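Student: Dropping the sequence and predicted coords here.
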Amino acid sequence: MKYVKEGTVCYLSQDGPDNLLYPATGEEYSSYFEEDVSVKIKNWRCPNDGLLAVLVEASSVQSLVASHGIETIVWVKKEEILNDGN
């Protein structure tokens, strides 16, 4: 299982060409994780080769308000995604 640590910076998603999600650009669209959280890596293309799309529980992202169990896509630097060793 993959995860990211508390405090890791992430980038929110925005709609782009062909109704696909892309990382939003600009400091106002960055956030961070409020806790260590499991991530599911999505095999999506990104204009920034250093970022990966991950599916996470929305309530773990600082700037999002969501009920428990609601998931969202955010973008994280590849090197920030860790393996739990299992």
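Tutor: It's in. Numbering: from 1, shown residues only.
Student: Please name the residues that touch the residue nearest the centre of the chain.
Tutor: Per CA atoms, centre = their mean, the C-alpha nearest to the average position across the chain is that of Val74, at 2.6 Å. Neighbour list for Val74: Cys10, Tyr11, Leu12, Ser13, Ser31, Ala53, Val54, Val56, Val61 [criterion: CB atoms under 8 Å, 6 or more residues apart in numbering]. C-beta: built from backbone N, CA, C; applies to glycine.
Student: And the residues you listed, which two are furthest apart?
Tutor: Longest distance between any two of these is 14.8 Å, between Ser31 and Ala53; criterion CB to CB.
Student: Tell me which of the two has more neighbours.
Tutor: Remark: of Ser31 and Ala53, Ala53 carries more neighbours, 21 against 16, as counted by other CB atoms under 10 Å.
Student: quick one: what helix or strand has the more buried one in it?
Tutor: strand 51-57 (DSSP states H and E).
Student: Give the buried residues for that strand.
Tutor: For strand 51-57, the neighbour count (16 or more other CB atoms under 10 Å) marks Leu51, Leu52, Ala53, Val54, Val56, Glu57 as buried.
Student: Residues contacting that strand, please?
Tutor: Contacts to strand 51-57, defined as CB under 8 Å, 6+ apart, come from residues 2, 4, 10-11, 13, 21, 23, 33, 37-42, 44, 46, 66, 68-78, 81.
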